[in-house]
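**Q** here is the input, now give the coordinates:
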Amino acid sequence: QRFYVDSSFWKGDGAPVFLYIGGEGSLGPPGNGLFFYQLAEKYGALVVALEHRFYGESFPTEDMSVSNLEYLTSEQALADIARFVDYVNNLKPGAASDLAEPALTLPHSSYASPWVAFGGSYPGSLSSWVRLKYPGLIAGSIASSAPVLAELDFTQYLQVVGKAMANEDIGGSQECYDAVADAVKTVHNAVTGSGVSVEALPSMLTPCGSVEDQRDLYTYEQGIYGAWQGIVQYNLEQPNAPTVASMCEAVLAAKDDHLTGLANAVKTVYSDDADCMPSSWEEDMMADLKNTTFSGPGCEQECSAMRQWIWQSCNEFGFFQTSTGADHPFAAFTESGYDVAGATLCAAAYDGLAADADLGARTGLTNRHYGARAADGTNITYVHGSMDPWHALGVVAPGSPFFESCNARADLGEDPRCDPQEAAAADVVFIANTAHCRDMYSPNADADTEAIAKAHAAIEAAVARYAGVSAAEVTPASAPAQEQ
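**A** Numbering: from 1, shown residues only. Presented below is the predicted three-dimensional model:
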């Protein structure tokens, strides 16, 4: 299992340790672009980062067959964290540990140090759960954009996307929302043979191949609304990337030609040479999911992750982002529901995994095991942005339209009860008009809103409280970073 250690700021024996938790992808060394890293410098902390089993270059098995994927669970990941904390805490200062390759040497002892965990998205959930399950090891956690409620039919995702598209504060508008909704109706009718011909669609919106069944139709339609999903989730977070504002501008530039407007917006997300939408279930959806081979050593930040993450979705969390709910501009895509996006996909990718009732039982087990929004944990700070689709499954401020949001499907075997949120208000940081994990980035005076600045201040106060230190007490030392 790969990990990183940076003792550049570490004040000495007993000074805090900041743990950055990896998730559903490769993990690189933390750096100054992350807020927690700047806090580590300020509070004299040792920085460690642990890659998640089965992701990046952390290969615990020969391949990703279903029998091996049984060892890929959040509970196993938490146990890995606990073992890692124990390993670091028992290192003797100045003595090389040959259990790591290359050998790890620390200048001080962390045996009496408070550990503070940080994570965003799924690692945000892990951050909250590791404090919940191992309170003797982790003093406190910052859980950013953490979806702590497991849910099969995640209709709320697109509902938040729709709210973002209509939000004038981030460059959206009701006019943009309505234009896309109108175009989506026309597209769906064309591809299902109940409207204009497919040939009448702009080339960017035509299927790349024939649409033979519901699975192909889902692949095709998911590609269209998926373009908007990615932009909303990471709005204003990636340099030179499309934004909600630029996508809506592309839509409205076509005036009353809503089909051309939608095509222009979607085109900005795909490669320059793209001229049609992927529409083959087997080639465009299943090929990567059925690949049981790890990328192998040296894949760095390009390691495969899709088969692993969808396994976790099928096995523990659900999180299937469907279009069959109401109150969003893609509601005309009525075929993109849980039956294909969840049950059919899981069975096809993982050797017939699970009937509906079994998948529902699995999400129920996850919610019971961790407590969902009613988890009885302390020293956990939950941070969410109001325009992040994942906040709909998180612990959020009572003023949010998605406070205690729940779409439990009793017909799929899920527990229809939706437990109320029980986190104290002081443990919730809610940031207006921001997207996924926005708080995790370092402060930027030129780009940060007042809401982001206040969120950073609240997070820092929580970190100082969990670590039991103040900046005035710290005189950082200097030592090199190490990768194992």
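**Q** host element of the residue lying closest to Met204 once chain neighbours are set aside?
**A** With CB to CB, 6 or more residues apart in numbering as the criterion, Met204 has its nearest non-adjacent residue at 4.1 Å, and that residue is Ala263. From N, CA and C alone the C-beta is placed, and that goes for glycine too. Using DSSP states H and E, Ala263 sits in helix 258-267.
**Q** residues making contact with that helix?
**A** 179-180, 182-184, 186-187, 201-205, 224, 227-228, 247-248, 250-255, 274, 277 (CB atoms under 8 Å, 6 or more residues apart in numbering).
**Q** low-confidence ranges, the stretch 151-300 of the chain, go.
**A** Residues of the stretch 151-300 of the chain meeting the criterion pLDDT under 70: none.
**Q** would you map the strands across it?
**A** Ranges of strands within the stretch 151-300 of the chain are 151-153, based on DSSP state E, counting those that start in this stretch.
**Q** number of nearby residues for Gly172?
**A** By other CB atoms under 10 Å, 24 other residues sit near Gly172.
**Q** ditto for Ser173
**A** Neighbour number of Ser173 under other CB under 10 Å is 18.
**Q** go ahead and confirm it touches Val180.
**A** No: applying CB atoms under 8 Å, one finds Ser173 not in contact with Val180, separated by 10.7 Å.
**Q** from Ala200, how far off is the residue nearest to Met204?
**A** Look at Ala263 and Ala200: by CB to CB, to the nearest Å, they are 12 Å apart.
**Q** more neighbours: the two, which one.
**A** It is Ala263, of Ala263 and Ala200, that has more neighbours when counted by other CB under 10 Å, with 24 against 12.
**Q** next, find the distance separating the more buried one from Gly12.
**A** Counting by CB to CB - Ala263 and Gly12 are separated by 60 Å.
**Q** residues in a beta bridge with Ile21, which ones?
**A** Leu50 (DSSP bridges).
**Q** I figured it hits Leu50, correct?
**A** Yes: at 6.3 Å, Ile21 counts as touching Leu50 under the criterion of CB under 8 Å.
**Q** joint contacts of the two?
**A** Ile81.
**Q** for stretch 234-251, C-alpha coordinates in CSV please.
**A** Written as CSV, here are the backbone C-alpha positions of stretch 234-251 (Å, rounded to 0.1, in the frame of the first residue of the first chain):
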residue,chain,number,x,y,z
TYR,A,234,-16.3,20.8,-10.4
ASN,A,235,-17.6,24.3,-11.3
LEU,A,236,-14.9,26.9,-11.1
GLU,A,237,-12.3,24.5,-9.7
GLN,A,238,-10.3,23.4,-12.8
PRO,A,239,-8.3,26.0,-14.7
ASN,A,240,-9.5,26.6,-18.3
ALA,A,241,-12.3,24.1,-17.9
PRO,A,242,-15.9,24.8,-19.0
THR,A,243,-18.1,26.2,-16.3
VAL,A,244,-21.8,26.5,-15.7
ALA,A,245,-21.6,30.0,-17.0
SER,A,246,-19.7,29.0,-20.2
MET,A,247,-22.0,26.1,-20.8
CYS,A,248,-25.1,28.2,-20.5
GLU,A,249,-23.6,30.9,-22.7
ALA,A,250,-23.1,28.2,-25.4
VAL,A,251,-26.7,27.2,-25.0
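**Q** how far off centre is it?
**A** Here stretch 234-251 is found 19 Å from its chain centre; the criterion is CA atoms, centre = their mean, to the nearest Å.
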